[in-house]
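In: what follows is a protein structure lacking sequence information:
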């Protein structure tokens, strides 16, 4: 009996519960890679930390709802992934390892197909300032574009932003190098007037982190996720997942042929692990 009780206690102690958000009720493949990384990190740390249960929330959550649920002690989720900002890092506990190896900061533009000639004339950041960017409400890169002097039109709904672009509410929708192709392919039928701009590549440092609550359970979970991701980097499984989900799309974009326009990120934390070069991808080479 004592042995059974001890085994039961150890099991309860070791079982880690993770609930991540459902972000949209429509087509939304943006987070498939992130959750694959999270699942693999948990699996890699099973010997050291014990069993885990990973599942997605039952209801779709807007970005604002995700933060509300994370701020509530009994919220429906206890981990999320997002481009970092100083506000997020103060409110929640970041695992400061770039989940997508920094790819989020390399941006292609979704535009209206009829506007391609207009964008082909854009050579500098000053040229870009004559155009309006479309972004989700509260997204980290809103501050980046505004600080660079580019007007931003915010949309409250991810799917709605594609329709706003078609309706000329703004001029371009900034997407990461892998998101742009995937989202364009997924919406060829529903939004036939859109295109991927063919000449430009925007770049700004924008690491994507997992975040957990700032409490004892969150600190333990953060250590486990960080340990798992470090193991993945060393054994090659992180790069294998990255290439599986993003490698083909990166090659297809031919980023090295595009005109590069750099934007600073004034909100970047000094704790960003920029010195750890092994964590950062160079999309121009794919390595």
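Out: In hand now; what should we look at? On a predicted model such as this, the values are computed, not experimentally measured, just so you know.
In: so, low pLDDT: which residues of the chain?
Out: Scanning the chain with the threshold set as pLDDT under 70 gives 1-14, 24-28, 283-287.
In: ok, longest helix in it?
Out: helix 216-235 (DSSP state H).
In: which strands and helices sit next to that helix?
Out: Judged by 3 or more C-beta pairs under 8 Å, 6 or more residues apart in numbering; DSSP states H and E, the packing partners of helix 216-235 are strand 16-22, helix 32-44, helix 46-49, strand 93-95, strand 208-212, helix 237-242. Where you see a C-beta, it was placed from the backbone N, CA and C, and this is true even at glycine.
In: could I get these in JSON lines, plus columns for distance to residue 59 and mean neighbour count?
Out: Shown next, in JSON lines, are these (distance: least, C-beta to C-beta, whole Å; neighbours: other C-beta atoms under 10 Å):
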{"stretch": "strand 16-22", "distance to residue 59": "7", "mean neighbour count": "19"}
{"stretch": "helix 32-44", "distance to residue 59": "17", "mean neighbour count": "18"}
{"stretch": "helix 46-49", "distance to residue 59": "28", "mean neighbour count": "13"}
{"stretch": "strand 93-95", "distance to residue 59": "24", "mean neighbour count": "21"}
{"stretch": "strand 208-212", "distance to residue 59": "19", "mean neighbour count": "23"}
{"stretch": "helix 237-242", "distance to residue 59": "27", "mean neighbour count": "18"}
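In: and residue 263, which of those is closest to it?
Out: strand 208-212 (16.8 Å; C-beta to C-beta).
In: the closest one: partners in the sheet, and parallel or antiparallel?
Out: Next to strand 208-212 in the sheet, as set by DSSP bridges, lie strand 80-83 (antiparallel), strand 93-95 (antiparallel).
In: in the longest helix of the chain, what counts as buried?
Out: Across helix 216-235, burial judged by 16 or more other C-beta atoms under 10 Å covers 218, 221-222, 224-233.
In: picking up where we left off before, a markdown table for the strands paired with strand 208-212, including distance to residue 267?
Out: What follows is these, written out as a markdown table (distance: least, C-beta to C-beta, whole Å):
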| stretch | distance to residue 267 |
| --- | --- |
| strand 80-83 | 10 |
| strand 93-95 | 13 |
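In: other residues contacting the longest helix of the chain?
Out: 16, 18, 37-38, 40-45, 48-49, 78-79, 92-93, 95, 97, 99, 210, 212, 237-239, 241, 278-279 (C-beta atoms under 8 Å, 6 or more residues apart in numbering).
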